[in-house]
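Q: I would like the atomic coordinates for the input below:
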Amino acid sequence: MRVAFVSLYTDQRRSDGATQRLRRVAEGLASRGHEVFFCCAKWWEGPVDAFEQHGVEYVAVTESPAVRSFTSKLPFALRRVSPDVIHCANSPPSQVVAAKTAARILRVPVVVDWWAEREGDTDRMARRAAGGADRVIAPSRLVKTAARERGADADSITLVPESIDFDLVRESDVDSRADLVYARRLDEHANAETFLLALAELRDREWRAVVVGDGPERDSVERTAADLRIDDRVSFLGDLDPDEFVPILKGAHVFAQTATVEPFARELLWALACGCVGIVEYQARSSAHELVENFDRGARVTSPQELADEVAAAAAHEPASVNEAFVGYDHGRILRSYQRLFESAIDDYGFF
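A: Next comes the predicted model:
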């Protein structure tokens, strides 16, 4: 199968949940023998217009990430690639519209991976992107609802969650440096302060906590820990690769998820697979609560005090370092969901 991924931004240029997801799927498909092309703004050095990395051929549509020129040149790039299916990020939505123009000529389907809308995405273009897709993929029910509200046909939306390396979960050692873990990019949506306030409520108990992640709000979060006088019991570890992150989760007992915006809480998924008790603060723009619904090692809260209470209650759960209930989120299984969806979209397009 020849698959063309389309995204103005790539993970190499601007890393976020959407670009990380696209890169993971593209490299996964390439490793399984598919021909994978990634039409994007150029992110590598040198005069060449195409660059291969981990089996994926990146095709420079433009030299810089300028939306207007990218969308005007994209149809020509896609015609040169001649894919069997086009897989687009939803933002910027104009790239979906441009891909659809090329797809009509090439007579191939367009699958849109809906994640989140970025600043500058207009309502009109978002609706054209959602309504023009042959298939839409959403990582959570929250995002599925957002895509449907933008005009996507409910029957065309398929839930395909994020994935993790479950073999790594099984095989990693246990690092017992922390009892409690918070992990996420520390930006304006992180809301790590709720986690720290809950810890302050438990200052009379014995615990060790770590905060994993970096970002523009890290200094502010560290100051909050100092102001609450718990900074001697909270370690800030910065960004960690899965090889470093997973052992810490396997040794911890509780993972707290408090971010205000989260299309899919992948760090929470890692934690649940590693046997942590997951405590989620409900947020209207976060899907994290979906992972702990009907799960006996999970709880939903609405305030720092409730979070503190659930941390204390988590002591009733036996320690665990692997939870096989989450094996369905393994990279291989989720990648097969993408493959089946692409094959179905191609078959349906040819039929009609």
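Q: For the rest of this, base every contact and every neighbour count on C-alpha atoms.
A: Fine.
Q: quick one: Arg203 and Thr258, what's the gap?
A: For Arg203, the distance to Thr258 (CA to CA, to the nearest Å) stands at 19 Å.
Q: Glu306 now?
A: From Glu306 to Thr258 the distance is 12 Å (CA to CA).
Q: Same drill for those two, tell me which one is more crowded.
A: Thr258 (29 against 16; other CA atoms under 10 Å).
Q: if you skip the residues just before and after it, what's nearest to the more buried one?
A: Counting by CA to CA, 6 or more residues apart in numbering, Glu281 is the residue found nearest to Thr258 once chain neighbours are left out, at 4.9 Å.
Q: okay, how far is it across stretch 44-62, tip to tip?
A: 12 Å.
Q: In this structure, where's the longest helix?
A: When the chain is parsed with DSSP state H, its longest helix is helix 331-351.
Q: who touches it?
A: With contacts defined as CA atoms under 8 Å, 6 or more residues apart in numbering, helix 331-351 is touched by 25, 28-29, 84-85, 107-109, 111, 134-135, 160-166, 328.
Q: Show the buried residues in the residues you listed.
A: For those, a burial check counting by 16 or more other CA atoms under 10 Å picks out 25, 28-29, 84-85, 107-109, 111, 134-135, 160-166.
Q: Of these, which belong to helices?
A: Using DSSP H, these in helices are 25, 28-29, 166.
Q: which residues does Asp11 contact?
A: Going by CA under 8 Å, 6+ apart, Asp11 touches 19-20, 23.
Q: Can you get me a residue count around the closest residue to Glu262 other than its chain neighbours?
A: Once flanking residues are discounted, Glu262 sits nearest to Ser286: 4.3 Å by CA to CA, 6+ apart. Residues lying near Ser286 (other CA under 10 Å) number 22.
Q: that older thread, from the contacts of Asp11, pick the one nearest Leu269.
A: Each of these was scored against Leu269 by CA to CA, and Gln20 proved nearest at 15.5 Å.
Q: what are the phi and psi values for that closest one?
A: With angles defined as degrees, to the nearest 10, Gln20 sits at phi -60, psi -40.
Q: quick one: secondary structure of the residue nearest to it when sequence neighbours are not counted?
A: Leaving aside its chain neighbours, Gln20 sits nearest to Asp11 (5.5 Å; criterion: CA to CA, 6+ apart). Here Asp11 is recorded as coil under DSSP: H, G, I helix; E, B strand; the rest coil.
Q: Roughly how far does Asp11 sit from Gly332?
A: 21 Å.
Q: same check, this time on Ala154
A: Computed as CA to CA, the Ala154 to Gly332 distance reads 26 Å.
Q: what do you get for Ser321?
A: For Ser321, the distance to Gly332 - CA to CA - is 21 Å.
Q: residue ranges of the strands in the stretch 201-350 of the chain, please?
A: For the stretch 201-350 of the chain, the strands defined by DSSP state E, counting those that start in this stretch occupy 209-212, 234-238, 254-257, 261-262, 277-281, 285-286, 298-301.
Q: which SSE is Val181 in?
A: Following DSSP states H and E, one finds Val181 within strand 180-183.
Q: Does anything pack onto that strand? Which helices or strands?
A: The contact analysis (3 or more CA pairs under 8 Å, 6 or more residues apart in numbering; DSSP states H and E) places strand 180-183 against strand 209-212, strand 254-257.
Q: which residues are in contact with it?
A: 192, 195, 207-213, 249, 252-257, 267.
Q: same thing but at 6 Å, please
A: 209-213, 252, 254-256 (CA atoms under 6 Å, 6 or more residues apart in numbering).
Q: ok, so of those, who is nearest Val174?
A: Ala252 (8.8 Å).
Q: all helices for the stretch 101-250 of the chain, in order.
A: 123-132, 141-149, 166-171, 192-201, 218-227, 242-251 (DSSP state H, counting those that start in this stretch).
Q: Columns mean pLDDT and distance to Ser94 on top of the ones you listed, output as JSON lines?
A: Listed next are the helices of the stretch 101-250 of the chain as JSON lines, based on pLDDT from 0 to 100; distance: least, CA to CA, whole Å:
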{"stretch": "helix 123-132", "mean pLDDT": "96", "distance to Ser94": "6"}
{"stretch": "helix 141-149", "mean pLDDT": "97", "distance to Ser94": "15"}
{"stretch": "helix 166-171", "mean pLDDT": "98", "distance to Ser94": "36"}
{"stretch": "helix 192-201", "mean pLDDT": "98", "distance to Ser94": "34"}
{"stretch": "helix 218-227", "mean pLDDT": "98", "distance to Ser94": "34"}
{"stretch": "helix 242-251", "mean pLDDT": "98", "distance to Ser94": "34"}
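Q: Redo those as JSON lines? Include distance to Pro263.
A: Compiled in JSON lines, those are given as follows (distance: least, CA to CA, whole Å):
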{"stretch": "helix 123-132", "distance to Pro263": "17"}
{"stretch": "helix 141-149", "distance to Pro263": "6"}
{"stretch": "helix 166-171", "distance to Pro263": "21"}
{"stretch": "helix 192-201", "distance to Pro263": "17"}
{"stretch": "helix 218-227", "distance to Pro263": "21"}
{"stretch": "helix 242-251", "distance to Pro263": "20"}
